[in-house]
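Asker: A predicted structure for the sequence below; I have some questions about it.
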Amino acid sequence: MIDDVEKWLAFVEDRNLAVHDYVDVTDKDYLATIEEFIVAAKTLSKRKT
């Protein structure tokens with residue numbers, strides 16, 4: 001179902017980094033990840049199984 005596994009693993013990694021205050025993730029970087037995730041999630045949800 002997922003075309004780009006590496007992208008989805010990167011989403012998980014970014015999420016894990018962002019939830020820790022001591023890691024230097026900028027709001028801009030986190031927002032970019034969220035926006036990219038939304039596009040990927042919508043694409044995945046449109047796929048037929």
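Answerer: Alright, I've got the coordinates. In this text the structure is predicted, and so the values were computed from the model without any measurement.

Asker: contacts for the lengthiest helix in the chain?
Answerer: The longest helix of the chain (DSSP state H) is helix 27-46. If you take C-beta atoms under 8 Å, 6 or more residues apart in numbering as the criterion, helix 27-46 is touched by 1-2, 4, 7-8, 10-11, 14-15, 18. (Glycine included, C-beta is placed from N, CA and C.)

Asker: Could you list which of those belong to helices?
Answerer: Among these, the members falling in helices (DSSP H) are 7-8, 10-11, 14-15, 18.

Asker: What score does Asp21 have for pLDDT?
Answerer: pLDDT for Asp21: 64.

Asker: ok, now Leu9?
Answerer: pLDDT, Leu9: 93.

Asker: repeat for Lys28
Answerer: Predicted confidence (pLDDT) for Lys28: 88.

Asker: And for it, the neighbour number?
Answerer: Residues contacting Lys28 under the criterion other C-beta atoms under 10 Å number 8.

Asker: Would you quantify the distance from the residue nearest the centre of the chain to Glu36?
Answerer: Residue closest to the average C-alpha location in the chain (C-alpha atoms, centre = their mean): Phe11, at 3.0 Å. In this view, Phe11 and Glu36 are 8 Å apart by C-beta to C-beta, to the nearest Å.

Asker: now swap in Asp14 and tell me
Answerer: To Glu36, Asp14 is 9 Å away according to C-beta to C-beta.

Asker: With neighbour numbers in mind, choose between the two.
Answerer: Under the criterion of other C-beta under 10 Å, the comparison of Asp14 against Glu36 puts Asp14 first, with 18 against 14.

Asker: about what we covered before: now the angle between helix 5-18 and the longest helix of the chain, please.
Answerer: Using axes from the mean of the first three to the mean of the last three C-alpha atoms, to 10 degrees, the direction of helix 27-46 lies 140 degrees away from that of helix 5-18.

Asker: Right, I'll call it a day here.
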